[in-house]
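>>> quick one, fold the following:
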Amino acid sequence: MTNNEEFQDEIGNNHISTNANNPIREDAFAITDEEKIERIKKDVENMLLTLGMDLTDDSLKGTPNRVAKMFVKEIFGGLNPNKKPKASTFDNNYKYGEMLVEKNITLYSTCEHHLLPIIGRAHVAYISKGTVIGLSKMNRIVEYYAKRPQVQERLTMQIVQELQYALGTEDVACVIDAKHLCVNSRGIKDIESSTVTSEFGGKFKEAQTRREFLDYIKLETKF
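Numbers count the residues shown, from 1 in each chain. Model (predicted):
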């Protein structure tokens, strides 16, 4: 193994991000979803054949096509900007000025280093500066950015940045507590550990506001 390959393995095995944005090529959408599915289908088929699987078996015949459709339409659907949820906002006519928290948002993502699942919960909060957002839109924003090959730190930041843009305020926070199957099911095989990441903007950088948020979500981790 060359030094460069060793370095790349070191980054992947330690789950180090090298890019604050998802590394997407400029020509990522030069072909249609259907063309992508056909290409990935052939790649999955070749992978299974290389592993020695018998693709004439009824249980495996449709696997390459199922996996290809799942990649493009489902678990990596958040790569497509056309699927970005419209973050509809409304005037805060009832003048609610306290913290709004949406906690325990179910999160499914995929580790970009081993393409294994990340499963956990996202907790999101904001303080209105005159604008509010529909509760379900917060869930959809989490889902959109999660449906990519990801690292948890980047995902946490993207959720906060998207809500800050939509709401026109820096006062947004997100904490994610998730299990990484690349840690739990391979490598160190630590089935108990989880990873906690946070991003605090505006007033949430203040200790009292941050503590109030963490009290709401009952997270014991100290920041």
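
>>> am I right that N139 falls within a strand?
No. When DSSP: H, G, I helix; E, B strand; the rest coil is applied, N139 is found to be helix, with no strand at that position.

>>> so it sits against L107, correct?
No. In this structure, N139 is not within contact of L107 by Cβ atoms under 8 Å, at 9.6 Å. Heads up, the C-betas are built off the backbone N, CA and C, glycines and all.

>>> just want to know which of these two has more residues nearby.
Higher neighbour count among N139 and L107: L107, with 21 against 17, using other Cβ atoms under 10 Å.

>>> and what about that one, helix, strand or coil?
Assignment for L107 (three-state DSSP): strand.

>>> which ones are touching it?
L107 is in contact with I118, I119, G120, R121, A122, V142, E143, A146, I176, A178, counting by Cβ atoms under 8 Å, 6 or more residues apart in numbering.

>>> mind listing what's buried along the helix or strand containing the second one?
Okay, so that is I119. Per DSSP states H and E: I119 is located in strand 117-127. Residues of strand 117-127 classed as buried: P117, I118, G120, R121, A122, H123, V124, A125, Y126, I127 (neighbour count, 16 or more other Cβ atoms under 10 Å).

>>> just the closest of those residues to Q152, please.
Taking Cβ to Cβ as the measure, I118 is the one of these closest to Q152, at 6.5 Å.

>>> with adjacent residues omitted, what lies nearest to the closest one?
Leaving aside its sequence neighbours, I118 sits nearest to S109 (Cβ to Cβ, 6 or more residues apart in numbering; 4.2 Å).

>>> in the chain, which residue is most central in space?
In the chain, the residue lying closest to the centroid (Cα atoms, centre = their mean) is A146, at 2.3 Å.

>>> surely it is in contact with L155?
Yes. If you go by Cβ under 8 Å, A146 and L155 touch, sitting 6.2 Å apart.

>>> what touches both of the two?
Joint contacts of A146 and L155 (Cβ under 8 Å, 6+ apart) are S109.

>>> any idea how far A68 is from the residue in the chain sticking out farthest from the centre?
No residue in the chain sits farther from the centre than T56, which is 35.3 Å out by Cα atoms, centre = their mean. Applying Cβ to Cβ, to the nearest Å, the value for T56 to A68 is 19 Å.

>>> just the element for L49, please.
Counting by DSSP H and E, L49 is found in helix 33-50.

>>> and what of F90?
Assigned by DSSP H and E, F90 falls in strand 89-91.

>>> re the thing from before, what about the residue nearest to I118, neighbour count?
27.

>>> that one contacts L116, doesn't it?
No. In this structure, S109 is not within contact of L116 by Cβ under 8 Å, at 10.2 Å.

>>> related to what we said a few turns ago, direction included, what does the strand holding I119 pair against?
Strands that pair with strand 117-127, judged by DSSP bridges, come out as strand 99-111 (antiparallel), strand 172-180 (antiparallel).

>>> quick one: distance of that strand to the chain centre.
From the chain centre to the centre of strand 117-127 is a distance of 9 Å (Cα atoms, centre = their mean, to the nearest Å).

>>> the helix or strand following it - contacts with which helices or strands?
Following strand 117-127 in sequence order, the next helix or strand is strand 131-133 (DSSP H and E). Here strand 131-133 touches strand 89-91, helix 152-167, going by 3 or more Cβ pairs under 8 Å, 6 or more residues apart in numbering; DSSP states H and E.
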